[in-house]
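>>> 3D model of this:
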Amino acid sequence: MAIELPTLTRESIIQRLRDAGHKVTPQRLTICEFIMNRKDHPNAERVFDEIKKIHPAISRATIYNTLHVMRDVGLVQELGFDDGTTRYEPDIEFHINQVCQACGKISDIKDRDVESAWHHMLASNSIKPKGQRLDVYYECDACKARRHKDT
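Numbering: from 1, shown residues only. Reported below is the predicted structural model:
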């Protein structure tokens with residue numbers, strides 16, 4: 001069962017940044033809005049490529065600095081993978097990341113029963129997580145079809 005969380009408004013993003021003592025520049029706000037409206041867990045290079053179309057003078061340093069600010073103020077979760085890639089996700093609530101091992105596509109799975117069991121396990125073991133992440137690796141339908149076509 002999919003659960004849709006309300007997205008943060010522009011005003012709430014601005015307030016969160018200001019409350020943490022950060023300036024809200026047009027570039028920073030564009031980066032935040034881009035990430036907050038994504039479901040594909042982009043990496044910093046993808047963010048840079050897309051934001052550069054809107055702000056041609058933007059630097060990679062601004063992208064990386066803003067992504068780190070977003071992580072630090074709790075707007076995104078930074079997802080590091082074994083292959084060295086880092087992706088950014090705006091959904092910081094409990095869910096499962098479904099990761100295709102062939103193409104790297106990530107999609108989110110939300111299930112109330114799994115979430116309830118997860119929270120019960122944490123509470124019954126007196127665990128107060130500072131972060132949490134559950135990845136399931138698989139092969140997506142597109143990659144399966146491509147593999148079968150190639151054989």
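>>> who's sitting farthest from the centroid in the chain?
Most distant residue from the mean C-alpha position of the chain: Thr151, 34.4 Å away (Cα atoms, centre = their mean).
>>> got the contact list for that one?
Residues in contact with Thr151 (Cβ atoms under 8 Å, 6 or more residues apart in numbering): none are found. Quick note: C-beta positions are derived from backbone N, CA and C, even for glycine.
>>> and it, what pLDDT?
Looking at Thr151, its pLDDT is 72.
>>> got it, and Pro6?
46.
>>> Can you show me the strands along this structure?
With DSSP state E as the criterion, the chain has strands at 77-80, 86-89, 96-100, 106-109, 134-138.
>>> Can you check which of those gets nearest to Lys52?
Set against Lys52 and scored by Cβ to Cβ, the strands of the chain come closest in strand 86-89, at 16.6 Å.
>>> residues in contact with that closest one?
Applying Cβ under 8 Å, 6+ apart, the contact partners of strand 86-89 are 35, 41-44, 47, 67, 70-71, 76-81, 97, 106.
>>> rerun at 7 Å
With contact meaning Cβ atoms under 7 Å, 6 or more residues apart in numbering, strand 86-89 is reached by Ile35, His41, Pro42, Asn43, Ala44, Leu67, Val76, Gln77, Glu78, Leu79, Gly80, Ile106.
>>> Buried residues of it, list them for me.
Arg87, Tyr88, Glu89 (16 or more other Cβ atoms under 10 Å).
>>> Break the chain down into its domains, please.
Domain segmentation of the chain under automatic domain parsing yields 1-90, 93-151.
>>> Mean neighbour count, those: which tops it?
domain 1-90 (a mean of 15; mean count of other Cβ atoms under 10 Å).
>>> Show the end-to-end separation of stretch 33-40, please.
Stretch 33-40 has an end-to-end distance of 14 Å (Cα to Cα, to the nearest Å).
>>> Would you agree Leu122 is in contact with Ser116?
No - counting by Cβ atoms under 7 Å, Leu122 stays clear of Ser116, with 10.9 Å between them.
>>> pull the CA atoms of the helix or strand bottoming out on mean pLDDT in the chain into CSV?
Least confident helix or strand, the chain: helix 141-150 with a mean of 90, by mean pLDDT, DSSP states H and E. The C-alpha trace of helix 141-150 is given here as CSV (Å, rounded to 0.1, in the frame of the first residue of the first chain):
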residue,chain,number,x,y,z
ASP,A,141,11.7,-5.0,-15.6
ALA,A,142,13.5,-2.9,-18.2
CYS,A,143,16.8,-4.5,-17.4
LYS,A,144,15.3,-8.0,-17.4
ALA,A,145,13.8,-7.3,-20.8
ARG,A,146,17.1,-6.0,-22.1
ARG,A,147,19.0,-9.0,-20.8
HIS,A,148,16.5,-11.5,-22.3
LYS,A,149,16.6,-9.6,-25.6
ASP,A,150,20.5,-9.8,-25.7
